[in-house]
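Asker: Structure of the sequence below:
(one chain, ligands or ions: 1)
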Amino acid sequence: MTTTLKNTDWLVLERLEDLLEERKNHSAETSYVARLYEQGPRKIAQKVGEEAVEAAIAATAGDTKELVGEAADLLFHLMILLQSQGLSLTDVKAELARREGMSGLIEKASRTED
Ligand SMILES: N=c1c2ncn([C@@H]3O[C@H](COP(=O)(O)OP(=O)(O)OP(=O)(O)O)[C@@H](O)[C@H]3O)c2ncn1[C@@H]1O[C@H](COP(=O)(O)O)[C@@H](O)[C@H]1O
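Answerer: You can find the predicted model right below:
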């Protein structure tokens, strides 16, 4: 299942990231994100783990609609985890860019040769 997005929709991650940063100054009474920040990195990391397992279960069951929903939950909570550590998707993008063109198999072999 592939959903075609309008060009501007690709900015949804940037908009969400700005919003997550802004939520650091919100009340946990009115914001789910602010509540997670208040609960701290352990709780946020736990949510990331839960959502990853739920995404894996959906994929294993072949439930693509459920998988998309769980993948969105996973990405959302991973972004909160990054922000709680003073990091952002920009850091992850930079790491992926650094790895660009480097075969995973060759990289693995270089590690096991040591
Ligand atoms: N994208 C999301 C988003 N995706 C998922 N969720 C919430 O993440 C939670 C997922 O947790 P679970 O499925 O485990 O459900 P749960 O039982 O409520 O969770 P727990 O009680 O176990 O912690 C649900 O409460 C969802 O509503 C989200 N909550 C908010 N956003 C975005 O974040 C923005 C800010 O939200 P607030 O901080 O609440 O204003 C929103 O405007 C949205 O753009």
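
Asker: Can you pull the residues of the chain lying near the ligand?
Answerer: Leu16, Leu19, Arg23, Ser31, Tyr32, Val33, Ala34, Asp73, Phe76 (C-beta under 6 Å from any ligand atom). For glycine as for every other residue, the C-beta is placed from the backbone atoms N, C-alpha and C.

Asker: element containing the last one, please.
Answerer: Here Phe76, judged by DSSP states H and E, is contained in helix 64-84.

Asker: Now for the residue nearest the centre of the chain: which residues touch it?
Answerer: Against the mean C-alpha coordinate of the chain, by C-alpha atoms, centre = their mean, the closest residue is Leu75 at 2.7 Å. Counting by C-beta atoms under 8 Å, 6 or more residues apart in numbering, Leu75 touches Leu13.

Asker: So of the residues of the chain next to the ligand, which two are at opposite extremes in space?
Answerer: Farthest-apart pair in the residues of the chain next to the ligand is Ala34 and Asp73; separation 17.7 Å (C-beta to C-beta).
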